[in-house]
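# Please work out how this folds:
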Amino acid sequence: MSFVHSINLSLFEEKSTHKGSFELDIYRGDLEHPNAPGNKWHKLQYHLKAAKKQNASVIATFGGPFSNHLHAFGMTLRILPFKAVAVVRGELQPKLTPTLKDMVENGVELWPSSRSDYRLGMSSQIVNEINEHYGNVYWIPEGGGGALGAMGCHDWANYINAIDDKYDAWVVSSGTGTTAAGLLSNINTPDLHVFSALKGEPAQRRLILDLASKLAAESMSKESLNAKLFFHADCHEGGYAKHSPALKSFISKFARANPNYPLDPVYTSKSMFAVIQAMQNGCWPYKRTLFIHTGGLQGWRGFSKDTNPFTYS
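From the prediction side, this is the model:
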């Protein structure tokens, strides 16, 4: 199976003065792993090794009721010899979301957390309660983050680069910034454009750079990492999981032109929109660009069916 495909830009070149100037390919990371598609498996694998080394009997993590990370966590842990526990942001409702239903079916124990306590992370009361209840618990940060999550994405860059090492730039979506840091830390990664799905997160660039610098160690200086990192904090289209009218129009148009390359509603749709806009406006400085699909298609289940144009393509 080929994971790299060319994006059809014809519908977006109608008003562009730069027709045929750009080559945009998509790396279908969402097809890589049946249980943890996109960046999810790459962020989980080193955490799972660390849990085994710790001789943990329980692995716990955090996420919202529609979290792609939680979904991948549940699908992955169902066949492993660990008890899986998830701290879910917000009070659990009598009717679980499709994501949480899948987790329960996969044997994950759900612990609801108030939003205020959830924000405290490892310092929260619910973490203390779970640790006291189970004893030897290995904790995976929200989104599979941290240095171990980034290490998996560092390795991922080697695999992607081996397929085609002639791209001028890579594009990746960002939530926690873990994937971006891992990719950036790899010496094979070209200019990296990171598009944040979160509103009000310009400081995330520094966090990505700091983590990448630690991972890169002696292979690259912080200055060289800084030079190839391009962080975009203004493509959230209203905020996390929100869709502006312009974004809705774009997703529908993209689905007509590329029905076989579905984008997710929270991350990749916004990044793709921003990149193609830049190309249309003549301010994208690259000839060959690789867009890395980070998965998350199950996230469409948090939206009404008629908002997902890929369903009807």
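# only C-alpha atoms for contact and neighbour calcs from this point on.
Noted.
# Now the terminal residues of stretch 284-304, how far apart.
33 Å (CA to CA, to the nearest Å).
# who's in contact with it?
With CA atoms under 8 Å, 6 or more residues apart in numbering as the test, stretch 284-304 has contacts from 21-31, 37-40, 66-68, 97-99, 166-173, 262-268, 272, 275, 278, 308.
# for the stretch 1-150 of the chain, which spans come out with low pLDDT?
Residues of the stretch 1-150 of the chain meeting the criterion pLDDT under 70: 14-20.
# residue ranges for the strands of the stretch 151-300 of the chain, please.
Using DSSP state E, counting those that start in this stretch, the strands assigned to the stretch 151-300 of the chain run over residues 169-174, 191-196, 229-232, 288-292.
# okay, the ones you listed in CSV with distance to Lys253, mean neighbour count and mean pLDDT next?
As requested, the strands of the stretch 151-300 of the chain are exported to CSV (distance: least, CA to CA, whole Å; neighbours: other CA atoms under 10 Å; pLDDT from 0 to 100):
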stretch, distance to Lys253, mean neighbour count, mean pLDDT
strand 169-174, 20, 23, 97
strand 191-196, 20, 25, 96
strand 229-232, 23, 18, 96
strand 288-292, 18, 22, 98
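# These into JSON lines, with extra columns for distance to Met103?
Output for the strands of the stretch 151-300 of the chain, formatted as JSON lines (distance: least, CA to CA, whole Å):
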{"stretch": "strand 169-174", "distance to Met103": "24"}
{"stretch": "strand 191-196", "distance to Met103": "27"}
{"stretch": "strand 229-232", "distance to Met103": "33"}
{"stretch": "strand 288-292", "distance to Met103": "26"}
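# Pull the distance from stretch 116-123 to the chain's centre.
22 Å (CA atoms, centre = their mean, to the nearest Å).
# cool, stretch 219-238 as well?
16 Å.
# which other residues reach it?
184-185, 187, 190-202, 205, 209, 212-213, 242-244, 247, 270-271, 274.
# rerun that using 7 Å as the cut-off
With contact meaning CA atoms under 7 Å, 6 or more residues apart in numbering, stretch 219-238 is reached by 184, 190-199, 201-202, 205, 209, 213, 243-244, 270, 274.
# hang on, the earlier thing: select, out of the strands of the stretch 151-300 of the chain, the one closest to Tyr118.
With distances scored as CA to CA, the stretch of those nearest to Tyr118 is strand 169-174 (20.7 Å).
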